[in-house]
Each structure stands twice: as C-alpha cells, then as structure tokens.
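Q: Just need the structure, nothing else, for what follows:
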Amino acid sequence: MSYIKFKELSKYFDFKYQIEPKDLPDYAKEYVSDKEKILMGYKNSKDYAVFTDKKMILFDRDTLAVYYKKIHMFPYSSISTSAINFKPGKVELLFSFDSGYQLHVNFIDMNHDKKEVIKEVYKQMMNSKL
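A: Next up is the predicted model:
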C-alpha cells in the first residue's frame, strides 16, 4: 500500500479593506520587529495582511468549526518571481518563492486611488528585495 503526501501548491488570499498600521490588531503587530516599518495593512472578514519593508505577514483565520489562526511570513528576499495584475476593480499580486510555493494575493473592490497605494507597496517590496 502506498500513500501520497498532499502538498499545497498555491495559497489564495482575498482582501477588501485597507487599514492603517495603527488600526491593526495587537496580535498582528507582535510579528513586526522594532527594526521594521509597517507599510500598509489589509483585511477581509476574517484574515489580515501586513506589509512591512522586509516581509509580508498573512493571518489566515478559520472560525467555522474550530477557531484557529495560521500565520504565514514571507521575507521579500525569498521571492523568486512576482507579478502585479491590474483588472477592473481588482489587483492581483502573484508570487513564486525559492521553495516553489506560490501565493496569490487579491485585492477586490479597488478604485484608482486604492490601486495606486497597492502599486506603491509592491514597488517598495521589490526594491527591498534588491
């Protein structure tokens, strides 16, 4: 008998609301070091994203059956390829990491000004990688 080990190939996150760093929950700020600057935060009904000048922190909460919180931290230095896609009302950030892991971060209900903020955060992320 053989077993196949399942490995998650891609992770998808959708965010709708931009939040200022001061409005982030305390548990999200705990994962940011004193040497880092928070660029921006985003949230949806249950998840949070924190973008610093060094890494991206994603909080994946599930409250359906049993409450749990999964925390993903991605240093920008581990990104091997990235792309930003602008669509009507939406922005997609696509990342591939050195480990082969892929990440899709989607921002929905975005107007032009909100898209510009995401574009600036993305540019800072990529500049810190260099």
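
Q: same for the longest helix seen in the chain, what does it pack against?
A: Ranked by number of residues, the top helix in the chain under DSSP state H is helix 112-129. On a contact count with 3 or more C-beta pairs under 8 Å, 6 or more residues apart in numbering; DSSP states H and E, helix 112-129 meets strand 38-43, strand 79-87, strand 90-97. For glycine as for every other residue, the C-beta is placed from the backbone atoms N, C-alpha and C.

Q: any idea which of these is most buried?
A: strand 38-43 (a mean of 20; mean count of other C-beta atoms under 10 Å).

Q: now the angle from that strand to helix 112-129?
A: Counting by axes from the mean of the first three to the mean of the last three C-alpha atoms, to 10 degrees, strand 38-43 lies at 130 degrees to helix 112-129.

Q: CA atoms only: put strand 38-43 into CSV for me.
A: Provided in CSV are the C-alpha atoms of strand 38-43 (Å, rounded to 0.1, in the frame of the first residue of the first chain):
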residue,chain,number,x,y,z
ILE,A,38,4.8,48.8,8.5
LEU,A,39,3.9,50.0,5.0
MET,A,40,0.2,49.0,5.0
GLY,A,41,-2.4,46.6,6.2
TYR,A,42,-5.4,44.9,4.6
LYS,A,43,-8.2,42.8,5.9
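
Q: How about residues contacting it?
A: 15-21, 23-24, 28-29, 32, 48-53, 107, 117, 121, 124-125 (C-beta atoms under 8 Å, 6 or more residues apart in numbering).

Q: so how far is the helix or strand that it is followed by off the chain centroid?
A: In the C-terminal direction, the helix or strand that comes right after strand 38-43 (DSSP states H and E) is strand 48-52. How far strand 48-52 lies from its chain's middle: 6 Å, per C-alpha atoms, centre = their mean, to the nearest Å.

Q: quick one on the thing from earlier: can I get the helices and strands packed on helix 112-129 in TSV with mean pLDDT and distance to Tyr68?
A: Conversion of the helices and strands packed on helix 112-129 to TSV gives the following (pLDDT from 0 to 100; distance: least, C-beta to C-beta, whole Å):
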stretch	mean pLDDT	distance to Tyr68
strand 38-43	95	17
strand 79-87	95	26
strand 90-97	95	23
